[in-house]
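S.K.: whatever this is, show me its structure:
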Amino acid sequence: MPFLRSTTIDTIMSKPAFVDYDANLIEVTKKLLQTKKGCVFVTRVGKLIGIITDRDIQRLILRDAGIISPDITAKEFMVKPVVKIFRSASIEEADQLMHDEKVNRLAIIDKVNPDKVIGFVDYNTTHAEIVTKFAKSLIERRKYFDG
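M.R.: Numbering: from 1, shown residues only. Coordinates of the predicted model:
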């Protein structure tokens, strides 16, 4: 049994949520609360242009001392570019990419249509999966030593 068999990222991805780049702060916040995803992807005419996380909204509030116009639009406070990974990548590759790019979420795309986000994954999910795989591997290996 190979140590930590590679699993593709699409096995643990979550369904993405989207908002239009003209969506205001209230619409973005509602979408975040309704979907409970922690992030929404910002699109313009169906094309991915940014990402907004719950932390981005917290930073916006702190930056502006809580005095924010509810009319501020997604395009004004989204983070770009969005870091993407192909669905065929391994969980370990996704974890490493998040570490290298210093992000907590990745957009998952398909090679057939790389402009379309088909899912996303976050650091906690990938890290938990890696730890679980490691623990299962140790349990499997233990039987060889316990006689």
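
S.K.: how about the strands in this protein?
M.R.: Remark: strands assigned in the chain by DSSP state E are 18-20, 39-44, 47-53, 84-86, 105-109, 117-122.

S.K.: most centrally placed residue in this structure?
M.R.: In the chain, the centroid-proximal residue (C-alpha atoms, centre = their mean) is R105; its distance is 2.7 Å.

S.K.: just to revisit the earlier point, mean neighbour count, the strands of the chain: which tops it?
M.R.: Across the strands of the chain, averaging neighbours per residue (mean count of other C-beta atoms under 10 Å) puts strand 105-109 on top, at a mean of 23. Backbone N, C-alpha and C define where each C-beta goes, glycine included.

S.K.: coming back round to it: of all the strands of the chain, which one is nearest G66?
M.R.: strand 47-53 (18.1 Å; C-beta to C-beta).

S.K.: alpha carbons of the closest one, as PDB, please.
M.R.: Output of strand 47-53 as PDB, limited to C-alpha atoms (Å, rounded to 0.1, in the frame of the first residue of the first chain):
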ATOM      1  CA  LYS A  47     -16.600  35.400 -16.300                       C
ATOM      2  CA  LEU A  48     -14.800  34.900 -13.000                       C
ATOM      3  CA  ILE A  49     -13.100  38.200 -11.900                       C
ATOM      4  CA  GLY A  50     -12.700  37.900  -8.100                       C
ATOM      5  CA  ILE A  51     -13.600  36.300  -4.800                       C
ATOM      6  CA  ILE A  52     -15.000  37.700  -1.500                       C
ATOM      7  CA  THR A  53     -14.700  35.900   1.800                       C
END
